[in-house]
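>>> Predicted model and sequence below, questions to follow.
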Amino acid sequence: MNRPTLLTLLLLAALTPAHSQYSNSGSTGADGALFFTTPGTTLFDPAAFTPPLNPAANNIFHFTSIHIGKGVVLKLSSKLLHSPVFWLAQGPVEINGTIDLDGADGAPTPALAGAGGYPGGSPGKPGYRPGAFKSNVFLVPLFGGSGGGGGETQGGGAGGGALLIASSTSITVNGFITANGGASSGGTGGNGGAIRLVARSIGGSGTLAAKGGQPGGADGLVRFEAFENQFAGSLRSTPFVQGKPFGLFLPPDPPASVRVLSAAGAVINNGEITVHAGQSSQVLLVVEARFIPPDTVIQMEFFMEHGTTQVISTTPLAGTFELSHATVSATLPPGLHHAQVAASWKQPK
């Protein structure tokens, strides 16, 4: 009897930035004021607001102002937010509580990352990472930390998330913004994430941190862009760069996306598919793309839990800019596996 192959697909897309100059945050105010004052921990869920926030589901939020009160812990998790988060505000941003984008500690299953970060590997398996994407001091493109590799009994720590906050006036941090990698017992900690603040002035006496998880997780980066930097708080030894506002580089609107519709003729539900295959065999995947030019070839990188990596190219996209499809064949070994798919393409000039 053929052993089933279980393929779990987590899709992360590389988006070429759209905007290049900064005069204000660009917020339309469509999402109203983000206002949390009741102490306690809350998972930031755009769908739980009335009306729901960010109907475009591109993680670009247009607020009038932002206020996170003292004692409030607002968690931005990849459980609900699968890519970096962009908070734009017309008015002031005040963080007196905590914005938490930390990766989870290693667990028997892949540890959950902060929004925009990458999961830790299962026991004995490598962590997930952003493929060919490379970080830089500008944090463009914006993405979070890689997940750590798993140990014998516990998985690797998850990566810290990625957050940009931009205000047309000021950002004040008297509380905490953290994007630390998770720790691991016997494995490797997750890498720290990315925190980028952009405003005319930045101040406060709080704490920002994007440290790597122990053991072995690499630190992330905190970046300030302001005409007046009066911040007097702590960075907890996180690498730090600063400069003048030069452009937000937001993902394009409407957001480009790629997803795998089916594998070997079986429809993928909730990112998971069981394919009946004996020995390693070629499995045909059908890929759907939105808001990517037709004839584009998508590069897909598979990170399998047993440690191998495949980089494969789809056929050219066929259809329209709004909706197109392509196919690709991938070699899937028998057994139970998780795979992360990173897709990248060039934006038209």
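Cool, the structure landed. Residues are numbered from 1 along each chain as shown.
>>> any idea how far Lys75 is from the closest residue to Gly187 other than its chain neighbours?
Setting aside the residues directly before and after it, Gly187 is nearest to Gly151 in space (CB to CB, 6 or more residues apart in numbering), at 3.6 Å. Where you see a C-beta, it was placed from the backbone N, CA and C, and this is true even at glycine. Between Gly151 and Lys75 the computed distance is 26 Å (CB to CB, to the nearest Å).
>>> And for Gln282?
Here the criterion is CB to CB. By it, Gln282 lies 41 Å from Lys75.
>>> neighbour count winner among these two?
Just comparing Gln282 and Lys75: by other CB atoms under 10 Å the higher neighbour count belongs to Lys75, 20 against 10.
>>> What sits closest to the more buried one if chain neighbours are left out?
Counting by CB to CB, 6+ apart, the nearest residue to Lys75 once its immediate chain neighbours are dropped is Asp100, at 4.6 Å.
>>> Burial check on that neighbour, number of neighbours?
A count of neighbours around Asp100, defined by other CB under 10 Å, yields 22.
>>> again, but for Thr172
Burial of Thr172, expressed as a neighbour count using other CB under 10 Å, amounts to 20.
>>> from memory the residue nearest to Gly187 sits against Ala107, does it?
No. With contact defined as CB atoms under 8 Å, Gly151 and Ala107 do not form a contacting pair (11.3 Å).
>>> Break the chain down into its structural domains.
For the chain, the domain assignment from automatic domain parsing gives the residue ranges 4-12+253-344, 17-251.
>>> Point out the most buried one among the ones you listed.
Per residue and on average, the most neighbours among these fall to domain 17-251, with a mean of 22 (mean count of other CB atoms under 10 Å).
>>> Return the distance of it from the chain's centre.
Centroid separation for domain 17-251 versus its chain: 9 Å, with CA atoms, centre = their mean, to the nearest Å.
>>> Let's test this: mean pLDDT of that domain, rounded?
The predicted model assigns domain 17-251 a mean pLDDT of 92.
>>> for Asp219, what are its contacts?
Shown in contact with Asp219 (CB atoms under 8 Å, 6 or more residues apart in numbering): Asn191, Gly192, Ala210, Lys211, Gly212, Ser237, Thr238, Pro239.
>>> show me the contacts for the nearest residue to the third one once chain neighbours are set aside.
Nearest residue to Ala210, sequence neighbours excluded (CB to CB, 6+ apart): Gly220, at 3.3 Å. By CB under 8 Å, 6+ apart, the contact list for Gly220 reads 144-145, 160, 179, 181, 191-195, 210-212, 238-239.
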